[in-house]
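S.K.: Please find the sequence and the predicted model below.
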Amino acid sequence: MELDIRGMEESVKRLWDDLNLYSFKYDGGSREQYFTIDTPPPPTISGKMHMGHAFSYPHQDFIARYKRMRGYRVF
């Protein structure tokens, strides 16, 4: 059985788009309620993924998830 990874990725992306998962709306609340993570745009300068990239992106995800659990609105 062969997996259709590209098809799986597209279906998940469509679901996330339909759920508006990446939307963020500033409602004018206290600045202490918000946490922003600034990430550099891909691709890398060399255009090649390496272990440093694979190692750094999970850190951003962990921090965002932790802040969400602590009640912050993460952007």
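M.R.: All right, it came through fine. Everything quoted here is computed from the prediction, not taken from an experiment. Numbers count the residues shown, from 1 in each chain.
S.K.: From now on I want contacts and neighbour counts done on CA atoms only, so please keep to that.
M.R.: Fine.
S.K.: CA-only coordinates of the lowest-mean-pLDDT helix or strand in the chain in PDB, if you can.
M.R.: Lowest by mean pLDDT, DSSP states H and E among the helices and strands of the chain is helix 51-69, with a mean of 82. Extracted C-alpha coordinates of helix 51-69, given in PDB (Å, rounded to 0.1, in the frame of the first residue of the first chain):
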ATOM      1  CA  MET A  51      19.500  19.900  10.700                       C
ATOM      2  CA  GLY A  52      19.700  23.400  12.100                       C
ATOM      3  CA  HIS A  53      16.400  24.200  10.600                       C
ATOM      4  CA  ALA A  54      14.700  21.000  11.600                       C
ATOM      5  CA  PHE A  55      16.000  21.600  15.200                       C
ATOM      6  CA  SER A  56      14.800  25.300  15.500                       C
ATOM      7  CA  TYR A  57      11.200  25.000  14.100                       C
ATOM      8  CA  PRO A  58      10.000  22.700  16.900                       C
ATOM      9  CA  HIS A  59      11.200  25.200  19.500                       C
ATOM     10  CA  GLN A  60       8.900  27.900  18.100                       C
ATOM     11  CA  ASP A  61       6.000  25.400  18.000                       C
ATOM     12  CA  PHE A  62       6.600  24.300  21.700                       C
ATOM     13  CA  ILE A  63       6.700  28.000  22.800                       C
ATOM     14  CA  ALA A  64       3.600  28.900  21.000                       C
ATOM     15  CA  ARG A  65       1.700  25.900  22.400                       C
ATOM     16  CA  TYR A  66       2.900  26.600  25.900                       C
ATOM     17  CA  LYS A  67       1.800  30.300  25.700                       C
ATOM     18  CA  ARG A  68      -1.600  29.200  24.400                       C
ATOM     19  CA  MET A  69      -2.000  26.900  27.400                       C
END
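S.K.: Quick check: which helices or strands does it pack against?
M.R.: strand 73-74 (3 or more Cα pairs under 8 Å, 6 or more residues apart in numbering; DSSP states H and E).
S.K.: Tell me the strands beside the strand it packs on, with direction?
M.R.: Next to strand 73-74 in the sheet, as set by DSSP bridges, lie strand 34-35 (parallel).
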